[in-house]
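Student: Need coordinates for the following:
(chains A and B)
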Amino acid sequence: MIYKLLVTAFLAFNLITHLGLAEETPADFETLLAQLTTKKFNEKEIIIGEIASSGHEQALPVLTRLLEGEVYYRKDDKKIVFVDIVEKDALVTDIISGEDLGTLPKKKVKKVGINNKLRGVLKGAIARLSLNNQDPEVRRAAVVEMFENLDNDTILLIEERLPKEEDDDVIEVLNTALAISNLKSQDRTTVLAAVETLSKSLHPEARTALTSLKTNLSEQPSTPQSQEITSAIDNSLHYINSSVGWYKQIENVFFGVSLGSVLLLAAVGLAITFGVMGVINMAHGEMLMLGAYTTYIIQQVFPSLLQYSLLISIPVAFVFTAIVGIAIERGVIRFMYGRPLETLLATFGISLILQQAVRTLISPQNRAVATPDFMSGSLEINPALSLTYNRLYIIIFAFLVLAGLMLLLKKTNFGLQIRAVTQNRTMAKAMGIRTDWVDALTFGLGSGIAGMAGVALSQLTNVGPNLGQGYIIDSFMVVVFGGVGNLWGTLFGAMTLGIANKFLEPFTGAVVAKILILVLIILFIQKRPRGMFALKGRSAES
Amino acid sequence: MFKQSLLQRLLLSDTGSKIFTAIIVVMTVVVPALNLFVPEDSIFYISTYTMTLLGKYLCFALLALSVDLVWGYLGILSLGHGAFFALGGYAMGMYLMRQIGDRGVYGNPLLPDFMVFLNWEQLPWYWYGFDMFPFALLMIFFAPGLLAFVFGWLAFRSRVTGVYLSIITQAMTYALMLAFFQNNFGFGGNNGLTDFKDLLGFNLQDDSTRAGLFIASAISLILGYAVCKFITQSRLGSIAMAIRDSESRVRFMGYRDEHIKLFVFVISAVLAGIAGALYVPQVGIINPSEFAPIRSIELVIWVAIGGRGTLYGAVLGAFVVNYTKTFFTAFAPEAWLFILGSIFVFVTIFMPKGLVGLYDQFRNRRPFKTRQGQAAKS
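Tutor: Modelled structure (predicted):
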C-alpha cells in the first residue's frame, strides 16, 4: 500500500516536473530509455509512466513495441533498441534516430521483459497517448480499439478526452464508447440515453452491446422499467438495422456499378466493331486475356517498377492488342464481309488458336498479377460501408475510357468516318471514305480497348488462358441488351446487368442470379429484338 | 410397298445420298459382324473400342444432320444445339440411373447415388416415371422438343434473326450449363450421371449390347437422314430455303415464316435429342460440359467443314473432324486446339461449300471469267 502511494507520488511528481518543463529534450528521453534495462518490474512501471508523459514523438512506438516484446538492449553497451528477430539474427534499429544498426546474433541482445501487470499499464498508457495524438484518425482508431474492452480506466480516459476533443468523427466514437459502457449502468435515464445514442452508431459493437442487454433483460423478471428499456432497445435496433440495410443497398449499388464497369470495358470494344462492321468478334475475349497477360509480362520484365506497372501496361496493352486486332481484320475478316455468321466461326477459330498459344508459350496455369499499393485497401466511409480501391479505380477508369471514346467518335475525323460507315457503308464509300481502312482501324480500336480492359481485369480475377471465355458471353449480353452502334446503350446495358446481378445475388446465389439474368435477356430480346437503344431510320435496315 | 418406295426415293435420290446410304448400310452390317463373329486374333476383327468409337461418330453425325437442317436449309445459325443433344442425353441418363436400382454404391433401391450423397430423402418429382423405358423414350423426344418449341416460339415470333439469334441460342445453352452444374438442381451437378449398368435388361458392358447400340445408332442416322431429306424435298422445305435466302420476301408473299421456322427448328431439336440419347449409353456418362457453348460451336464447324446445305456433307464433316480429334488428342493434345482453330479459319475463308463442295469449286475454277460474271449479276 505504502509502495503504491510512493509510486503515485513519484508519478505525480514527474507529471508536475514535465508540465513545468514544456519541452522534453531528447537526451532525457534517452536516459529514460536507458533505465529500462533494470530487472525490477516496479521500476519499469515508473519508467513507462515517464515515457508516456514525456511527450516525445517516439514514446508511442516505444510503448507499443514494448508491449509486443520488440524492445531489447544490447548486452555489450546496454543500449535500448528495437529488434526484429529473423530466425537466429536480430535486426537492430536505433529508437531515436530510426537508424539501422545492423544485425547481431540473437544471443547478443536481451529482451526487456514485461509481466501481466505491466501489460495493463502499457495498454493504458498507449491508449492515453493515442487519445492525445495529433492525428484524428489515430485517435479514432484508438477509441474503436477500446470498444472491445471498456473497463473503468478506459472510461476515465475517454471522459477526460471528450471535452477537449474537436474532431466530429472522434467525438462520435467517444460518445459511442461511453454509451456502450453506460448500458451497464443501474440508472434508468442513463441507460435510456445510452440506447438513444447508440441508435445513431453503425459500429457492430454497438449492435452487439444492445442485443446482449436485451437478452439479459429478457432473462430477468419483467418490470415496467425493463420493459421500457427493452422497447427503447427495439427502437434503436430497428433504426440501426434500417440504416445498416440502407448502406448495404449502397454497397450493392457500388458492387453492381463496379461489375457494370467491368462489363462496360469488356463490351464497349465489341459494340463498336459490331456496330461498324456487323461482325461478331468471338476472339474479343482473347483480347481481354492478352491485355491481362501484357500486365503480367510487364511486371515480370520490370519488377522494380511494380508501382507503375499498371500505368505502363495500359498503353502497351492498347497498342499490342490493337495490332493483333488489325492483323486479324486484315488477315481473316476482310475476306468475309457480308457473311456475319461465317465471321463468327472464323473468329472463334482465332480465339481457340490464341488460347492455345498462351497455354503453350506461357503456361496453362493461372498467373499471379501483383497489385500496386494504391490499388489495395479500401476507402472506409463509415463502419457499415467501405469501398475497395481497386473497384473504385476500375469504375473511374471505365468511365474515362468511355468518355475518351465518345470524344473520339464525336470530335475527330476518324470518329466521323466510323459513324458514317456505321450508318451507311455504301454511301460512305461513295463519299470517298476508305471504308476498308476504317474497318481495320475500328477493329484495332475495339481490340485495343479490350486490351486495356484486360489490364483492369488482371486486378480483379485470375489471369489465365480462359480469362476471356468467362467474359465473352456477358459482353454479348450487354451489347445485345443495350443495342448496337450506340455507346449510351452499351453503358446502360452494362450498368443494368451489373446492378441487377448484384441485387439478385443475395436472394438467389451467384450462379442462379446469372441464369436468371440470361433468361431475362432472352425474354427481353423478344420485346426489343434490336436491343434497348436500337438505331432508327434508314440505318436500322440490316 | 409405298413406304419402301418413299424411303428409296429419299435415300437414293442423288449421288451423295446414294454413297451415304451405301456406306452406312454396309457399316451397320459389317462392323457388328466383324466384332461379334470374327475371332479376336484375326486381322479383320474390329475391337469393341473401335466399334463404340464409330457408334459415337454415328451419333455425332445425326447431331450434325440436325444442325445442317436448321443452318443449311433454314439459315438459322444455332449455337445452342448442344443443349438439345444434352437434354436427350440426360433423359436417357435418368432412365439408366433408375435402372441401376440397388446396385449403386449406397445400395438405395430408389435414389441414385448422388442423391443419397446429398442426403436427399425422396426422389424429386421430375424423376418420376423415368424407371419406365417408354416414358424415358417419350421424354427423349419431348424435352428437347419442348425447349426448342418455347425458345423458337418466343424468338421467331418477335423476329429475332441473324447474329442476335445465334447469340441468344448461345446464352440459352450457357444458362442451362450453369443450371446443370448446380448440385441442388437434381441432375448430379458436376459429375453428371454415370456408372450405368444396363439398358432394357441388357448389360451395357457386353459386346452384343454395344453392337446393338451401334446398329441402333446407324439405323437412327439413316432414318434421321430420310426425315431431313423428306422435309427438304417437300414444299415446306422449299419455303424454308426461301426463308433462308430472303425472309422478308417470303413473309410478304403471305407465308407465316415463323411457323415454318418453328416446325423445322423443333424437328431438328428432336433429332439432336435422339443423338444424345444414343450417345450416352455408349460413352457411359453425361455431364453438364455437354452444354458448354464451345461444344455447340464445334458441331457447327463439323457442318461447315463437311458442307453446309448438303445433308451428306454434314455427316462427312462429323466423321472427319471427330476422327481428326480422336487422332490428335491421343498423339498431340497440345496441337489439337491449334488445328481446330486453323480449320475454322481455313474452311470459312477458302472452302465456303465445305469438303463436298471442293469438287464443284475445282470444276468451276477453269471457266473463271464466266463464274465471276455470274457472281456479279447475282
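
Student: Run a quick neighbour tally on residue 131.
Tutor: By default, I'm working from chain A. Neighbours of A:Leu131 under the rule other CB atoms under 10 Å in any protein chain shown: 23. Where you see a C-beta, it was placed from the backbone N, CA and C, and this is true even at glycine.

Student: sorry, should have said chain B
Tutor: Counted with other CB under 10 Å, residues neighbouring B:Asp131 total 16.

Student: Just to check, it is in contact with B:Tyr95?
Tutor: Yes. Taking contacts as CB atoms under 8 Å, B:Asp131 lies within contact range of B:Tyr95: 7.5 Å.

Student: which residues touch the residue in the stretch 1-150 of chain B positioned nearest to chain A?
Tutor: Sorted by distance to chain A under CB to the nearest CB, the residues of the stretch 1-150 of chain B start with B:Leu77, at 4.4 Å. Contacts here follow CB atoms under 8 Å, 6 or more residues apart in numbering or on different chains; on that basis B:Leu77 touches A:341, A:344, B:71, B:165-166, B:300.

Student: rerun at 7 Å
Tutor: Under the criterion of CB atoms under 7 Å, 6 or more residues apart in numbering or on different chains, the contact list for B:Leu77 reads A:341, B:71, B:166, B:300.

Student: ok, the last one to A:Ala346 distance?
Tutor: From B:Val300 over to A:Ala346 the distance is 12 Å, taken as CB to CB, to the nearest Å.

Student: returning to that earlier point: would you report the backbone torsion angles of the residue of the stretch 1-150 of chain B closest to chain A?
Tutor: Main-chain dihedrals, B:Leu77, degrees, to the nearest 10: phi -90, psi 100.

Student: Next: B:Val320.
Tutor: Listed backbone geometry of B:Val320 is phi -60, psi -50, with angles given as degrees, to the nearest 10.

Student: Out of the helices and strands in chain B, which is least certain?
Tutor: Using mean pLDDT, DSSP states H and E, the weakest-scoring helix or strand in chain B turns out to be helix B:368-377, at a mean of 41.

Student: what residues does chain B put near chain A?
Tutor: Neighbours of chain A within chain B, by CB under 7 Å from any CB of the partner chain: B:77, B:154-155, B:158-160, B:162-164, B:166-168, B:170-172, B:174-175, B:178-179, B:182, B:293, B:297, B:300-301, B:304, B:334, B:337-338, B:340-345, B:348-349.

Student: which of the residues you listed count as buried?
Tutor: Burial by neighbour count, judged by 16 or more other CB atoms under 10 Å in any protein chain shown, picks out B:77, B:154-155, B:159-160, B:162-164, B:166-168, B:170-172, B:174-175, B:178-179, B:182, B:293, B:297, B:300-301, B:304, B:337-338, B:340-341, B:343-345, B:348-349 from the residues of chain B next to chain A.

Student: B:His259 in helix, strand or coil?
Tutor: Assigned with DSSP: H, G, I helix; E, B strand; the rest coil, B:His259 falls in the helix class.

Student: Pull up the gap between it and B:Tyr359, please.
Tutor: 36 Å.

Student: what about those two, which has more around it?
Tutor: Neighbour count, other CB under 10 Å: between B:His259 and B:Tyr359, B:His259 has more, with 14 against 10.

Student: what is the mean pLDDT for stretch A:124-141?
Tutor: Averaged across stretch A:124-141, pLDDT comes to 75.

Student: try stretch A:455-470
Tutor: 85.

Student: distance of the closest residue to B:Phe60 other than its chain neighbours from chain A?
Tutor: In space, B:Phe60 comes closest to B:Ala318 once its chain neighbours are excluded; the distance is 4.4 Å by CB to CB, 6 or more residues apart in numbering or on different chains. As defined by CB to the nearest CB, to the nearest Å, B:Ala318 lies at a distance of 16 Å from chain A.
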